[in-house]
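Asks: I need the structure of the sequence given here:
(chains A and B)
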Amino acid sequence: MTQLIDYLLGGLGSGMIIALMALALVLTWRATRVVNFAQVGQAMFTTFVALTIQTLTGSWLVALVAAIIAGALLGVIVQYLVLRPVRRMDTSGAIIATFGVLIALQAAAGMIWGGDSQAYPQPFGNTALTVFGREWPVSAYDLVVVGFGVVLVVGLTLLFTRTDLGLAMRATAFNPEVARLSGVRVSRTLTIGWALAGIVGAVAGVLVAPTSAISPNSFDILLVFAFTAAVIGGLDSLVGAVSVGIFTGLVLSVVSGYSDSSNAPVVALFLLALNLALKPEGIFGHSKARAV
Amino acid sequence: MLSISGLSVTYGPVHALTDVSLEVPRGEVTAVIGANGAGKSTLMRTLAGLVKPVAGTATLDGNSILGHKPEDVVRMGVALVPEGRSTVPELTVDENLRLGGMWRSKFERAGLNAEFYDMFPALAQRRNSRADTLSGGERQQLAIGRALMCDPQCLLLDEPSLGLAPLIVTQILELVNRLAVEVNIAVLLVEQNAVTALRVAHTGVVLNLGQVVMSGSAADIASHEELRHAYLGY
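Replies: So this is what the prediction gives:
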């Protein structure tokens, strides 16, 4: 039992990372009905940018800010240069185009920073915390990760529910025509959605990098986990992405603990298949059919 | 006044509108009637900027409204309530109204918002309910309210009576008439329900296969028996 609790706690940090990446996928999906498979590529690229800044300045925080700015810019660039022209055809063309962007970003990162894994500095110490005279499988850094996740989720929720921009984004997602007829500048709103997703992905990238390492392909497996969480959460739901993302992290940690970490992707795909068979619209999703 | 002259729209080889001209004066309701496929909705969508015409002009008080994006046409004072109770059902009543007036200043918005709730006390009580919990008539009121939050000079209403009970239809059309007369808006009303539309309208325009076949006072058109048989089917 104690072992199970330890495994669950150990999955908290990685669960939050999965949750954030799933959140980024949901943000682009809500804005443009496109699953952006380049999201992890964008996060990888901005994490390399952060690593470069970190090496130059020595400041973890400055590097994070650089990643956030680069993430927003890259989101806008990908949406503007790739998605807009392709979207005129259909959405499946756009999804394939995001794969192209992923490959291009990985190749570009390889050319700029090399193909080898590089260590990302650990800002807050990765040793297990000792509370009540017992060592817990949670480090100070895990708490920082969870803290960042909570701040982002609360911030986005406030943005969506309290501000005009958030209202415009929700109206655009639900009914773009009525939004346009009400005066919402829809294409600008969509671009802002991609920028927000880029920011969330960039934060996730910088947060996950110290626990593994960073190379052009190092986030590929994160895409599998985040995609699984986003789809099971319903693709449309911020709450769904975050809660299923954390849940996925916990499950994978337990699986890795009791068996071997190489089994984690298989279990993730099994969860995805189970979800698609039993409840294809996702746990928190609204069904496609809507009363007119 | 909204003036439309020589307006033509094609969808590929299909001529949806051919050389349509009509005028919509302020303070009046102008009803465009005609059977399914006559081009009524195309006319509305073209005026709102959703469809590009191949020829013709449309001006509001002398300023051209064609060739602009829908989000700019709204800012010029032309608001469309499209067919099918065009609210965003996932948003609350209040959010739907906020959406309509989003590009206006906070001050203007507050005034318009209060006016709307004065006009519809039943909706004021449900301002925090989601729009999909409203009845059909209430949702149509809300859709019109969303358009009014833009403080339009010209209101385009596409089939507001569709799917509503007769009593509710009368209420909605009376509201439309009041808006034209009391707020001095130019109202262009598109209806398949010709009898009811001609009862509230001042002027009627009959559209058939994309062309204007007759225009005149609403009373004249309603009493024109041959026309009714030929184009309106009653």
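
Asks: Tell me where chain B has strands.
Replies: B:2-11, B:14-24, B:29-33, B:55-60, B:63-64, B:78-81, B:154-158, B:186-191, B:203-208, B:211-217 (DSSP state E).

Asks: Ok, the stretch 51-200 of chain A next?
Replies: Listed in chain order, the strands found in the stretch 51-200 of chain A under DSSP state E, counting those that start in this stretch are A:128-131, A:134-139.

Asks: out of those, deepest packed?
Replies: Most buried of the strands of the stretch 51-200 of chain A, by mean neighbour count (mean count of other C-beta atoms under 10 Å in any protein chain shown): strand A:134-139, with a mean of 15. Placement of C-beta: from N, CA and C, glycine included.

Asks: Distance of A:A264 relative to chain B?
Replies: Here A:A264 is placed at a distance of 35 Å from chain B (C-beta to the nearest C-beta, to the nearest Å).

Asks: closest to A:D90 out of the strands of chain B?
Replies: Set against A:D90 and scored by C-beta to C-beta, the strands of chain B come closest in strand B:2-11, at 19.0 Å.

Asks: Can I get that closest one as CSV, trimmed to CA atoms?
Replies: These are the backbone C-alpha positions of strand B:2-11, laid out as CSV (Å, rounded to 0.1, in the frame of the first residue of the first chain):
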residue,chain,number,x,y,z
LEU,B,2,-30.2,51.0,-47.1
SER,B,3,-30.1,51.1,-50.9
ILE,B,4,-29.4,48.0,-52.9
SER,B,5,-28.8,48.4,-56.7
GLY,B,6,-28.2,45.8,-59.4
LEU,B,7,-27.0,43.2,-56.9
SER,B,8,-26.0,39.8,-58.5
VAL,B,9,-24.6,36.7,-56.8
THR,B,10,-23.6,33.4,-58.3
TYR,B,11,-22.6,30.1,-56.7
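
Asks: between that strand and strand B:29-33, what angle do the directions make?
Replies: For strand B:2-11 against strand B:29-33, the angle between stretch directions is 20 degrees (axes from the mean of the first three to the mean of the last three C-alpha atoms, to 10 degrees).

Asks: Adjacent strands (with direction) for strand B:2-11?
Replies: Listed by DSSP bridges, the sheet partners of strand B:2-11 and their directions read strand B:14-24 (antiparallel), strand B:55-60 (antiparallel).

Asks: May I see those organised as TSV, with mean pLDDT added?
Replies: Converted to TSV, the strands paired with strand B:2-11 look like this (pLDDT from 0 to 100):
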stretch	mean pLDDT
strand B:14-24	92
strand B:55-60	93
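
Asks: mind listing the helices in the chain by residue range?
Replies: In the absence of a named chain, chain A is used. For chain A, applying DSSP state H gives helices covering A:2-10, A:12-32, A:39-57, A:60-77, A:84-87, A:91-113, A:140-162, A:164-174, A:176-181, A:186-208, A:220-232, A:238-258, A:264-278.

Asks: sorry, should have said chain B
Replies: If DSSP H is used as the criterion, the helices of chain B fall at B:40-47, B:70-75, B:93-100, B:106-119, B:121-125, B:136-148, B:166-183, B:194-200, B:218-223, B:225-227.

Asks: any low-confidence regions in chain A?
Replies: Screening chain A residue by residue with the criterion pLDDT under 70, one finds the ranges A:87-89, A:285-292.

Asks: Residues of it that sit close to chain B?
Replies: Proximity of chain A to chain B is confined to A:164, A:167-168, A:170-171, A:174-175, A:177-186, A:286, A:290-292 under the rule C-beta under 8 Å from any C-beta of the partner chain.

Asks: tell me the contacts of the residue nearest to A:S237 when sequence neighbours are not counted?
Replies: Spatially, and ignoring its direct neighbours in sequence, A:S237 is nearest to A:F284 (3.7 Å; C-beta to C-beta, 6 or more residues apart in numbering or on different chains). Taking C-beta atoms under 8 Å, 6 or more residues apart in numbering or on different chains as the definition of contact, the neighbours of A:F284 are A:233-234, A:236-237, A:239-240, A:243-244.

Asks: count of neighbours near residue 72?
Replies: As the question left the chain open, I've gone with chain A. Using other C-beta atoms under 10 Å in any protein chain shown, the number of residues around A:A72 comes to 19.

Asks: wait, I meant chain B there
Replies: Other residues within reach of B:D72 by the criterion other C-beta under 10 Å amount to 15.

Asks: Distance check, it against A:P176.
Replies: In this structure, B:D72 lies at 16 Å from A:P176, with C-beta to C-beta, to the nearest Å as the measure.

Asks: cool, and A:M1?
Replies: Counting by C-beta to C-beta, the gap between A:M1 and A:P176 amounts to 51 Å.

Asks: for A:S259, same thing?
Replies: When C-beta to C-beta is the yardstick, A:S259 and A:P176 sit 46 Å from each other.

Asks: for B:T42, same thing?
Replies: Here the distance between B:T42 and A:P176 works out to 19 Å (C-beta to C-beta).

Asks: now swap in B:R178 and tell me
Replies: According to C-beta to C-beta, B:R178 and A:P176 sit 31 Å apart.

Asks: now swap in A:P85 and tell me
Replies: A:P85 sits 18 Å away from A:P176 when distances are taken as C-beta to C-beta.

Asks: what's the answer for A:V49, then?
Replies: With C-beta to C-beta as the criterion, A:V49 and A:P176 are 33 Å apart.

Asks: ditto for A:A24
Replies: Shown here: A:A24 relative to A:P176, a distance of 21 Å by C-beta to C-beta.

Asks: Counting neighbours around each, name which of these two comes out higher.
Replies: A direct count of neighbours by other C-beta under 10 Å for A:A24 and A:P176 places A:A24 higher, at 32 against 17.

Asks: check contacts around that one.
Replies: Listed by C-beta under 8 Å, 6+ apart, the contact partners of A:A24 are A:36, A:39, A:43, A:197-198, A:200-201, A:204, A:226.

Asks: Sweet, I'm off.
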